[in-house]
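Engineer: Let's see this in three dimensions:
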Amino acid sequence: MASDKPPQLLLLDTKEVSTVVTHKPNEEKQLSDVAPLLSRTSPQSRPGCLGKTLMLTLTFLLVLVTWRSWSHGGEYGDPVSPINAHQEFQALPDPKYLQQHLRYYTSGVALAGLNKSQAEWTQAQFQAYGLPEVRIEEYQPLLNYPQQQRLAIVEPPELAFEADLHEPVVDEDPTSHLQAEIPPAFHGYSASGNVTAAVIYANYGSPEDYRQLQQHNVSVQGKIVLVRYGELFRGIKVQLAEEHGAVGVIIYSDPAEDGFGQGDTYPEGPWRPSTSVQRGSVMNLAQYPGDPLTPGVPAKEGVPRIPRDQAVNLPTIPSLPLSYSAAQVLFRALLGQGVNVTEAMPAWKGGLPLSYFTGPSIARVNLVNIMEDKIAPIWNVIARIPGKVEPDRAVIVGNHRDSWVFGASDPGSGSASLLEIGRSLGQLLQKGWRPRRTIYLCSWDAEEYGLVGSTEWVEDHLNSWLKEQAVAYLNTDMAVNGPYFITSGSPLFTNLVYQEARQVPIPGTNETVYDRWVKTMKGQDPPPFFGLGSGSDFSAFYDHAGIPFLDMAFMGYSGTYHSAYDSIHWMEKFIDPDYIYHQTITRLLGSVLLRLVDDPLVPLDLGAYPPALNGYLDKLGRLLDQEPRPESSSNISPGPGAVSDSTSSDLALSFQKAPKSTQQLRGLYRAVKKLDKRVAKFNRKLRKFVKRYGANCQSHSQRTYQKCLKRRMALNQHIAQFERGFLDDSGIPGRPWFKHTVNAPGRWSGYMAEYLPGLTEAAEDGDWTRFAQQKQVMVGILKRVGKKLK
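Structural biologist: Down below sits the predicted model:
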């Protein structure tokens with residue numbers, strides 16, 4: 001959490017006020033069961049018959065009233081489920097089925113666009129579970145596939161070396177024997193090229209790392225840059241190297257963070273072995289995700305596409321991933337050349353047992369990366385369960401299905417959980433339950449290349465129904481790869497997750513998920529609720545469409561990430577042999593889902609947002625109070641969505657140094673305070689509504705019932721649309737695809753959330769004219785969000 005204080009709890013537990021009448025299915029009396037009793041003849045006297053007839057009539061009336069209560073929650077009221085779905089769901093997720101799901105998904109390689117049979121199998125499973133509507137939606141984005149890869153030291157002859165770009169067999173791991181299926185080390189969307197040059201080591205390849213190289217008079221112009229994974233998304237590493245004049249990039253996994261520095265390596269332990277390679281996409285997700293040739297529109301046949309060289313999120317220089325055993329050979333070739341970072345910049349020293357030097361190397365390295373670019377079909381599997389009371393409100397659960405190799409953790413654990421949620425919901429449907437709101441279960445394709453399947457789907461359906469009907473998106477990517485629980489998402493979810501995590505036990509322990517969460521966060525209670533920038537399928541929903549998202553997972557051992565060793569054998573030997581964590585995360589996801597679809601009042605807490613905003617402003621204030629960087633020449637004008645503020649004279653200012661935060665942020669803090677008051681007033685309206693009508697709108701008067709429905713619809717509309725209020729149609733300056741003014745992927749991290757991105761990036765650039773413009777936009781948006789709560 002951004003604030004030291006826990007968010008104020010809304011004094012309303014909508015789960016309690018929506019408790020339903022439960023009974024066994026065979027105890028429900030139908031009118032057809034009672035009617036025959038009224039016409040039976042009897043040999044007894046007529047007075048006796050009259051008495052019996054009277055008793056039967058009373059019985060009929062009693063059953064009628066009871067039946068109407070079961071059917072309508074009162075004479076007038078919401079239809080009531082014959083079961084308590086929230087409670088019954090907890091008993092349904094089964095480790096046996098979760099294992100079956102995961103074993104199927106990890107039985108072969110599932111590169112995007114090459115495995116339609118897996119999509120068809122997923123569709124067939126959803127149909128077999130009794131989900132009423134299941135379809136496959138196809139898109140046609142740009143993808144690329146490896147044709148020829150090479151990394152070798154070619155000069156001088158005494159240093160000659162040819163890197164092995166294939167991961168070897170591990171005898172005890174059956175899928176590692178499928179060598180013909182396993183793709184070589186490559187980067188999705190990497191540019192084709194054949195370059196030979198000296199090598200320079202640039203640590204993580206961050207902006208600060210390049211500044212340090214410049215301070216030591218080391219230039220990467222015309223060189224191949226060697227960087228390690230970590231700190232920032234690989235696509236940004238390649239972009240920065242390109243901007244500094246490099247001709248190629250090698251990204252390796254350093255054992256300090258991703259190997260023996262963390263523990264025993266596979267197959268003796270869960271961590272990355274020396275010959276393992278981390279594949280991945282080098283699209284710059286901080287520019288925009290999805291099909292790079294159709295930004296903002298779905299990649300369908302016949303749509304206009306921009307040329308590849310105009311896609312600002314794609315690199316133009318080649319890159320390759322590398323194991324740390326091969327990287328060690330390159331570091332040996334760098335010994336004694338350039339700056340000894342072990343002495344001059346010790347933070348640059350990784351875990352390999354030798355001194356690290358920057359270079360440039362005397363050795364010349366040949367990097368070959370030939371890729372086949374093609375417009376290829378991808379397949380999203382979409383299951384839909386229509387809502388019974390509010391069919392025009394929808395909760396979406398999703399995870400991607402494609403993987404770089406076998407993908408037991410990423411994405412198999414999440415796909416197994418998604419499928420088991422579908423199976424469990426099918427069981428509830430068989431018992432007569434119907435969700436109040438509509439449910440979508442979505443199995444995405446091509447996430448690994450750049451969140452492609454989910455982004456194209458959002459762009460396809462946003463204007464037709466998503467922006468009006470979507471309540472929330474739940475993401476299940478990498479659901480299990482360790483014992484430590486973490487969660488992230490919109491602040492609106494904070495209290496809902498606290499409530500549900502306290503109710504879900506971890507089998508075989510004395511802990512609930514909440515207990516484990518507190519332990520993971522080293523005793524912080526309540527535990528912090530993090531934001532996320534990008535890196536998974538929530539991005540289009542949240543950053544572009546303003547749909548609140550939640551991502552939950554058991555994490556811990558990512559040592560086989562994007563390698564051939566992220567396998568079912570690795571999962572069952574080291575991570576979750578009994579599928580306890582798979583079962584637990586599925587129960588928790590289902591619990592949150594059922595609250596979102598079945599609570600009469602949408603259980604998102606608007607009261608958690610203003611404290612989060614204050615925390616983001618505090619962070620921005622600390623940035624403003626630091627020493628300023630050189631003023632940027634950037635002069636990005638505000639878009640048409642900019643809203644004027646009373647301090648419009650600020651537009652004329654272009655500060656030579658960073659203004660003090662107390663001076664610059666005062667108006668924003670005031671705007672958040674006003675929003676907080678509006679939210680508090682809205683929450684009082686919620687409590688007043690429940691006290692007067694009851695959340696289920698039960699009433700003996702049709703007029704009162706209709707009045708309640710109308711008011712509840714308005715309240716739910718405010719809750720469901722609240723996050724959308726923070727969108728700016730013109731987008732973040734320089735990154736217009738990202739519309740959310742509160743959250744975006746960091747420009748130089750990609751994965752991590754950047755809060756108040758328009759303001760933060762202007763401050764980082766020292767562009768105070770743009771900062772003033774963005775402050776106007778933000779103040780206007782805060783006012784607008786508050787006014788909509790009236």
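
Engineer: can we go C-alpha only for contacts and neighbour counts from here?
Structural biologist: Noted.

Engineer: R516 contacts G482, correct?
Structural biologist: No - counting by C-alpha atoms under 8 Å, no contact exists between R516 and G482, whose distance comes to 11.9 Å.

Engineer: Of those two, give the one with the bigger neighbour count.
Structural biologist: R516 (23 against 19; other C-alpha atoms under 10 Å).

Engineer: How about the secondary structure of the more buried one?
Structural biologist: Following DSSP: H, G, I helix; E, B strand; the rest coil, the label given to R516 is helix.

Engineer: Give the other helices and strands that the lengthiest strand in the chain contacts.
Structural biologist: Secondary structure of the chain read by DSSP state E shows that its longest strand is strand 142-155. If contacts are counted by 3 or more C-alpha pairs under 8 Å, 6 or more residues apart in numbering; DSSP states H and E, strand 142-155 sits against strand 161-162, strand 187-188, strand 364-375.

Engineer: Kindly export it (C-alpha atoms) in PDB.
Structural biologist: Taking C-alpha atoms only, strand 142-155 is exported to PDB below (Å, rounded to 0.1, in the frame of the first residue of the first chain):
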ATOM      1  CA  LEU A 142       2.200  -9.900 -36.900                       C
ATOM      2  CA  LEU A 143       4.300 -12.700 -35.300                       C
ATOM      3  CA  ASN A 144       7.800 -14.000 -36.100                       C
ATOM      4  CA  TYR A 145       9.600 -17.300 -35.700                       C
ATOM      5  CA  PRO A 146      13.300 -18.300 -35.500                       C
ATOM      6  CA  GLN A 147      15.000 -19.500 -38.700                       C
ATOM      7  CA  GLN A 148      18.700 -19.100 -38.000                       C
ATOM      8  CA  GLN A 149      20.500 -18.100 -34.800                       C
ATOM      9  CA  ARG A 150      24.100 -18.000 -34.000                       C
ATOM     10  CA  LEU A 151      26.400 -16.400 -31.300                       C
ATOM     11  CA  ALA A 152      30.200 -16.900 -31.700                       C
ATOM     12  CA  ILE A 153      33.500 -15.400 -31.000                       C
ATOM     13  CA  VAL A 154      35.100 -15.300 -34.400                       C
ATOM     14  CA  GLU A 155      38.300 -13.200 -33.700                       C
END
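
Engineer: now that strand against strand 364-375, angle please.
Structural biologist: Relative orientation of strand 142-155 and strand 364-375, computed by axes from the mean of the first three to the mean of the last three C-alpha atoms, to 10 degrees: 170 degrees.

Engineer: Show me what strand 142-155 pairs with in its sheet, parallel or antiparallel.
Structural biologist: The strands beside strand 142-155 in its sheet (DSSP bridges) come out as strand 161-162 (antiparallel), strand 364-375 (antiparallel).

Engineer: quick one: contacts for the closest residue to R364 other than its chain neighbours?
Structural biologist: Nearest residue to R364 in three dimensions, chain neighbours excluded: A198, at 4.6 Å (C-alpha to C-alpha, 6 or more residues apart in numbering). Neighbour list for A198: K223, I224, P360, S361, I362, A363, R364, V365 [criterion: C-alpha atoms under 8 Å, 6 or more residues apart in numbering].

Engineer: Next one: Q427 from I83, what distance?
Structural biologist: 11 Å (C-alpha to C-alpha, to the nearest Å).

Engineer: And the strands paired with strand 142-155: which comes nearest A327?
Structural biologist: Smallest distance to A327 across the strands paired with strand 142-155 (C-alpha to C-alpha): 11.1 Å, for strand 161-162.

Engineer: what mean pLDDT would you report for that closest one?
Structural biologist: For strand 161-162, mean pLDDT rounds to 98.

Engineer: contacting residues around that strand?
Structural biologist: So strand 161-162 is contacted by R150, L151, A152, I153, V154, V329 (C-alpha under 8 Å, 6+ apart).

Engineer: Also stretch 519-534?
Structural biologist: By C-alpha under 8 Å, 6+ apart, stretch 519-534 touches 1-2, 6, 285-286, 484-491, 494, 498, 517-518, 539, 743-746, 750-754.

Engineer: Endpoints of it, how far apart?
Structural biologist: One end of stretch 519-534 sits 26 Å from the other (C-alpha to C-alpha).

Engineer: So for that stretch, what gets flagged as buried?
Structural biologist: T520, M521, P526, P527, P528, F529, F530, G531, L532, G533, S534 (16 or more other C-alpha atoms under 10 Å).

Engineer: Among the residues you listed, which one sits closest to I506?
Structural biologist: Nearest to I506 among the buried residues of stretch 519-534, with distances taken as C-alpha to C-alpha, is T520, at 14.0 Å.

Engineer: Relative to G261, how far out is the closest one?
Structural biologist: Remark: distance between T520 and G261 (C-alpha to C-alpha) = 21 Å.

Engineer: so what's the backbone phi/psi at the residue positioned nearest the centre of the chain?
Structural biologist: Among the residues of the chain, the one closest to the centroid is F538, at 3.7 Å (C-alpha atoms, centre = their mean). Backbone torsions for F538, taken as degrees, to the nearest 10, come to phi -70, psi -20.

Engineer: Tell me where the stretch 451-600 of the chain has helices.
Structural biologist: 452-461, 467-469, 494-501, 513-520, 538-539, 568-570, 580-598 (DSSP state H, counting those that start in this stretch).
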